[in-house]
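>>> Provided below for reference: sequence and predicted model.
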Amino acid sequence: MKNTPFFSMLLALFCLQTSFSQDVNSKNIATIRKAYDALNRRDWATFAAQCTPGYTDTNVGPSPAVGIDAALDLYKQFASGFPDFNIQINEIAAISPNRYLIRVSISGTNTGTFGMLPATGKSIRFDDSDVVEFDNNGKCISHSITNTGEPLRQIGYGSMLNPNTGTVIALYEKFGKGDVPGILAMCSDDVVFNIEDRVFDDHARFFKGKAQVGQFFQELGGKFQYSKFQPVRFIADGDDVVILVDVEYKHIPTGKMYTSSYTHRFKLKNGQVVFFRGIDDFQMMK
């Protein structure tokens, strides 16, 4: 009987800890619901307020978005590509302290541009299991979905899941910004560009090594001024990436406007471009 106060104290501490854990669990679940509701309403500020600055999201595509700003940029691109996308929470369960499994149903229709990908008009609908993790302050530090490639597969862009396709897209983005040094940094030292474009030149041209490829971009900038440069189809198999590109441009020496389609073939090794071949379609004057 002498130990009764001690055991009573242990029981009280256990009950206090259990009550505290239940309170934290309830708050985290409420935060999850608030964050998902914010995504459905496109309320980016409210979503960001639930997360840490270093929040990481493994979502659509082969690479995670690191940092809340990068994650929000991904969500905004997704909202642009799928204006009606909706996430329905079906179940939330704690799987360990501060980690939760969320079973969701995702739907939407690809009626807008998603990054550089033109709309296909196709719909997505699939169930997923998300994992969300919190820090000890009740802020979300990470989120990941199970079927990372399912949205792209369902709209016909499964090739985007190949990491080499992502490298080529990043190269295109640098091209759009006029960042030639950035493009060259993505190429091997012995890279080869094979250009077959009858407006650029009346015969096929080869540019070997970074110096000559840099000269190609300088020559291209003096001849072509693009008003449209839109990749429309992606095919990837291992180290080979083939992309069809619709373009509109002015031929600077003559002032003539053209429309055309290009077939771009990239070969990559260890994440660097080692070979590029660009072939024009029959250009048409506008």
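Sure thing, it's come through.

>>> which residues touch the helix or strand harbouring residue 73?
Assigned by DSSP states H and E, residue 73 belongs to helix 68-81. Contacts with helix 68-81, where a contact means Cβ atoms under 8 Å, 6 or more residues apart in numbering, come from 39, 42, 44, 47-48, 51-57, 59-60, 65, 85, 110-115, 117, 119, 143, 151. Heads up, the C-betas are built off the backbone N, CA and C, glycines and all.

>>> Select only the buried ones of these in ChimeraX?
Here is the ChimeraX command that selects the buried residues among the contacts of helix 68-81 (16 or more other Cβ atoms under 10 Å):
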select :39,44,47,48,51,52,55,56,57,59,60,65,85,110,112,114,115,117,143,151
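
>>> mind listing which of the contacts of helix 68-81 are in helices?
39, 44, 47, 48, 151 (DSSP state H).

>>> mind checking how far the residue nearest to residue 25 when sequence neighbours are not counted is from residue 29?
For residue 25, ignoring the flanking residues on the chain, the nearest one in space by Cβ to Cβ, 6 or more residues apart in numbering is residue 94 at 5.8 Å. Residue 94 is 8 Å from residue 29, where distance means Cβ to Cβ, to the nearest Å.

>>> Then residue 221?
55 Å.

>>> which of the two has more neighbours?
residue 29 (17 against 13; other Cβ atoms under 10 Å).

>>> ok so the more buried one is a helix residue?
Yes - using DSSP: H, G, I helix; E, B strand; the rest coil, the assignment for residue 29 is a helix.

>>> Isn't it up against residue 92?
Yes - at 5.4 Å, residue 29 counts as touching residue 92 under the criterion of Cβ atoms under 8 Å.

>>> Give me the common contacts of those two.
residue 100.

>>> still on that earlier bit, would you mark the buried spots in the helix holding residue 73?
By neighbour count on 16+ other Cβ under 10 Å, the buried set for helix 68-81 is 68, 71, 72, 74, 75, 77, 78, 79, 81.

>>> how about a markdown table for those residues, with distance to residue 233 and pLDDT added?
As requested, these are exported to a markdown table (distance: Cβ to Cβ, whole Å; pLDDT from 0 to 100):
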| residue | distance to residue 233 | pLDDT |
| --- | --- | --- |
| 68 | 33 | 96 |
| 71 | 28 | 94 |
| 72 | 29 | 95 |
| 74 | 23 | 88 |
| 75 | 25 | 92 |
| 77 | 19 | 90 |
| 78 | 21 | 90 |
| 79 | 24 | 94 |
| 81 | 16 | 94 |
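
>>> Next, format these as a markdown table and append distance to residue 160.
Formatted as a markdown table, those follow (distance: Cβ to Cβ, whole Å):
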| residue | distance to residue 160 |
| --- | --- |
| 68 | 24 |
| 71 | 18 |
| 72 | 20 |
| 74 | 13 |
| 75 | 17 |
| 77 | 12 |
| 78 | 13 |
| 79 | 18 |
| 81 | 12 |
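
>>> Tell me how far residue 48 lies from residue 210.
Applying Cβ to Cβ to residue 48 and residue 210 gives a distance of 40 Å.

>>> and what of residue 138?
Going from residue 138 to residue 210 by Cβ to Cβ gives 50 Å.

>>> Looking at these two, which one has more neighbours?
Comparing residue 138 with residue 210 by other Cβ under 10 Å, the one with more neighbours is residue 210, at 17 against 13.

>>> That one - nearest residue in space that isn't next to it in sequence?
Closest to residue 210 by Cβ to Cβ, 6+ apart is residue 184, at 4.9 Å.

>>> Just the pLDDT for that neighbour.
pLDDT, residue 184: 97.

>>> how about the helices in the stretch 101-250 of the chain?
150-154, 163-176, 180-185, 209-223 (DSSP state H, counting those that start in this stretch).

>>> For stretch 92-100, the averaged confidence score.
91.

>>> Any chance you could list what contacts that stretch?
Residues outside stretch 92-100 that contact it (Cβ under 8 Å, 6+ apart) are 21, 25, 28-29, 32-33, 101-103, 131-136.

>>> Among those, which pair sits farthest apart?
For the contacts of stretch 92-100, the farthest-apart pair by Cβ to Cβ is 103 and 136; their separation is 25.2 Å.

>>> quick revisit: could you list every residue that touches the residue nearest to residue 210?
Counting by Cβ under 8 Å, 6+ apart, residue 184 has contacts 210, 213, 214.
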